[in-house]
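In: predicted structure and sequence below. I'll ask about it afterward.
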Amino acid sequence: MTILIGQPDHFGVEAEQETRGINEKELVLDGGFVVPQTNSFGHSFRDYDVTSERQEKVENLYRKNHIYQTYDFVKKMRQEYGKLNKAEMSIWECCELLNQVVDESDPDLDEPQIEHLLQTAEAIRKDYPNEDWLHLTGLIHDLGKVLTLPQFGGLPQWAVVGDTFPVGCAFDKSIVHHKYFKENPDYNHPAYNTSYGVYSDKCGLDNVMMSFGHDDYMYLVAKENKTTLPSAGLFIIRYHSFYALHRAGAYKHLMNDEDVENLKWLKIFNKYDLYSKSKVRIDVDKVKPYYLSLIEKYFPAKLKW
Ligand SMILES: O[C@H]1[C@H](O)[C@@H](O)[C@H](O)[C@@H](O)[C@H]1O
Ligand SMILES: [Fe+2]
Ligand SMILES: [Fe+2]
């Protein structure tokens, strides 16, 4: 059975068809993963408009995120967190730390994050049994959320979670709660508010500064600790919250050929990241040995964080 992909949403039909095209022609999802119609709160996934107490929290987070994530802020954060001098630990130790984190930006999930990591990884493993790198990518993609913990500086949630977007060029209209960018100092900055901004045609996303958060941080950690994950794995880690790109198709003018290839895997990954969120618990002890073997294959025993 081929899975249903991409619910029709406010990003429009075009992005949907594009995902479908890739799915049918190249990487067919055949594992029978059933995409639920509603999240565990009974709403459709990624609905940022319904009114509830929870949504108010989510919107408030995006308001701050959009106002404070400037080009200068990102540069400073990358410098600071690129030092990797906060902790030394294994990947699994970090998974366990994540148990203390609940993501306030997520309208679909209020479970501790370790559940989400395992749900994502296990759903991928079922449908893509041979792509062990993709299972591990599922397990680790959100580990950067430890930035909210005191030993990592206790960053506010707006600097850690939520969808990401490039800084240094214009903020695309498809970004969730776009209206709050009007209060971002870069919004009116002539060097930063054109479609290329400080970048050039097909410069490659590697050269683009993304709003700072768990994605960019985990990418830095994986790269600097010399992971042997393939480039598609690193790409997924850095851009999995970049919905303006992988859902809405914005910012394509900044992609190089390798990005175009890797985007196919990211689109597949996203289905599992988004739609595996549920109240169904995974038996951690049962799956732990498998993931420990993958960690050993792709990472050193201890990493600098
Ligand atoms: O609220 C969520 C959450 O923070 C995820 O970890 C991130 O990847 C998503 O893009 C975002 O929408
Ligand atoms: Fe994430
Ligand atoms: Fe995730």
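Out: Received, thanks. These figures come from a predicted structure and were not determined experimentally. Residues are numbered from 1 along each chain as shown. Ligands and ions are numbered 1, 2, ... in the order given.
In: and the chain, which residues reach ligand 3?
Out: Of all the residues in the chain, those in contact range of ligand 3 (C-beta under 5 Å from the ion) are 142, 273. Bear in mind the C-beta positions are built from the backbone N, C-alpha and C, glycine included.
In: show me what from the chain comes close to ligand 1.
Out: When proximity is defined as C-beta under 6 Å from any ligand atom, the chain approaches ligand 1 at 103, 105-106, 142, 161-163, 240-241.
In: if you set the cut-off to 8 Å instead, what comes out?
Out: By the criterion of C-beta under 8 Å from any ligand atom, the positions of the chain lying close to ligand 1 are 46, 58, 103, 105-109, 116, 141-142, 145, 160-164, 176, 213-215, 240-243, 273.
In: the residues you listed in strands, which ones?
Out: Applying DSSP state E to the residues of the chain next to ligand 1, no entry is found in strands.
In: are any of those buried, and which?
Out: With neighbours counted using 16 or more other C-beta atoms under 10 Å, those contain these buried positions: 46, 58, 103, 105-109, 116, 141-142, 145, 160-164, 176, 213-215, 240-243, 273.
In: those also near ligand 2: which ones?
Out: Residues of these in contact with ligand 2 (C-beta under 5 Å from the ion): 142, 241.
In: which stretches of the protein form strands?
Out: Using DSSP E, the strands found in the chain span residues 88-89, 303-304.
In: could you identify which of those strands is most buried?
Out: Sort those by mean neighbour count, taking mean count of other C-beta atoms under 10 Å, and strand 303-304 sits at the top with a mean of 18.
In: which one, of the strands of the chain, ends up nearest to Val260?
Out: When the strands of the chain are compared for distance to Val260 using C-beta to C-beta, the nearest one is strand 303-304, at 29.8 Å.
In: quick one: contacts of the closest one?
Out: Outside of strand 303-304, the residues within contact range by C-beta atoms under 8 Å, 6 or more residues apart in numbering are 84-85, 87-91, 94, 221, 224-225.
In: what strands flank that strand, and is each parallel or antiparallel?
Out: The strands beside strand 303-304 in its sheet (DSSP bridges) come out as strand 88-89 (antiparallel).
In: and the closest residue to Arg125 other than its chain neighbours, how far from Arg247?
Out: In this structure, Arg125 finds its nearest non-sequential neighbour in His135, 4.6 Å apart by C-beta to C-beta, 6 or more residues apart in numbering. Per C-beta to C-beta, to the nearest Å, His135 is found 23 Å from Arg247.
In: with Ile140 instead?
Out: When C-beta to C-beta is the yardstick, Ile140 and Arg247 sit 22 Å from each other.
In: what's the answer for Lys126, then?
Out: Where Arg247 is concerned, Lys126 sits at a distance of 23 Å (C-beta to C-beta).
In: ok, the two, which is more surrounded?
Out: Residue environment comparison for Lys126 versus Arg247 gives the larger neighbour count to Arg247, 23 against 14, counting by other C-beta atoms under 10 Å.
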